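Participant: The following block contains a protein sequence and its predicted model.
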Amino acid sequence: MKRGFLTAVLLSSIMSAPVYAQDFTINPAVPLAGSANITLNVGLLDTITAIKQQLGTLPEDLDLPEISPDSSIETISQALADNPQIMAVLQKNAISPHDYVTVYMTFADAFVAAEAAEEDQIFDETRIVSQENLEFGKKYAERIRKLLED
């Protein structure tokens, strides 16, 4: 697995259907599918950042099945679960592959929505970001940007 591959897959999966910023939805009553119970906070950002750094120290030739940008959260989660080295990092941090992928994607959605709220950018209209996560994305945009970078 090349460094940054997982990041690229996760990011490409949230940017599947581009629309302009004025078309995206902010609806606190209906959060992003799969993350209905996730409210972003600094502690969670610290944890996911630490996990990503630990995953970055793993050998580049990890054996992962083919993952496409159109892969579901379940498919990506299973690919992580099937790799003992990745699982060791996730277990050390007491997070499941599904939760890691979902939280990572929630940070990415919050970041993209925050950026799109300020400019005429594209955003996948099927992604719904809670008002709390949008505000968090605006406040911590630089830290989230660093998390999402390869």
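Facilitator: Thanks, I have it.
Participant: okay, and the helix or strand of this structure with the least pLDDT?
Facilitator: Counting by mean pLDDT, DSSP states H and E, the weakest-scoring helix or strand in the chain turns out to be strand 25-26, with a mean of 36.
Participant: Let me know the next secondary structure element after that strand.
Facilitator: Towards the C-terminus, the helix or strand next in line after strand 25-26, according to DSSP states H and E, is helix 42-55.
Participant: what residues does that next one touch?
Facilitator: Where contact means C-beta atoms under 8 Å, 6 or more residues apart in numbering, the residues beyond helix 42-55 that reach it are 6-7, 38, 86, 89-90, 92-93, 95, 100, 103-104, 107, 140, 143-144, 146-147. (Glycine included, C-beta is placed from N, CA and C.)
Participant: Tell me the buried residues in stretch 140-150?
Facilitator: For stretch 140-150, burial by neighbour count (16 or more other C-beta atoms under 10 Å) applies to 140, 144, 147-148.
Participant: Please identify the helix or strand for residue 117.
Facilitator: Taking DSSP H and E as the criterion, residue 117 maps to helix 97-118.
Participant: quick revisit: and the contacts of helix 42-55, which are buried?
Facilitator: The neighbour-count criterion (16+ other C-beta under 10 Å) marks 6-7, 38, 86, 89-90, 95, 100, 103-104, 107, 140, 144, 147 among those as buried.
Participant: and those residues as TSV, adding pLDDT and distance to residue 59?
Facilitator: Converted to TSV, the buried ones among the contacts of helix 42-55 look like this (pLDDT from 0 to 100; distance: C-beta to C-beta, whole Å):
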residue	pLDDT	distance to residue 59
6	55	14
7	54	17
38	84	30
86	92	11
89	94	12
90	94	16
95	92	21
100	91	19
103	90	24
104	88	21
107	91	25
140	95	31
144	95	27
147	92	22
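Participant: Need these in a markdown table (columns: distance to residue 113).
Facilitator: Listed next are the buried ones among the contacts of helix 42-55 as a markdown table, based on distance: C-beta to C-beta, whole Å:
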| residue | distance to residue 113 |
| --- | --- |
| 6 | 22 |
| 7 | 18 |
| 38 | 14 |
| 86 | 28 |
| 89 | 28 |
| 90 | 26 |
| 95 | 23 |
| 100 | 20 |
| 103 | 16 |
| 104 | 15 |
| 107 | 11 |
| 140 | 13 |
| 144 | 11 |
| 147 | 15 |
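Participant: Understood, closing this out.
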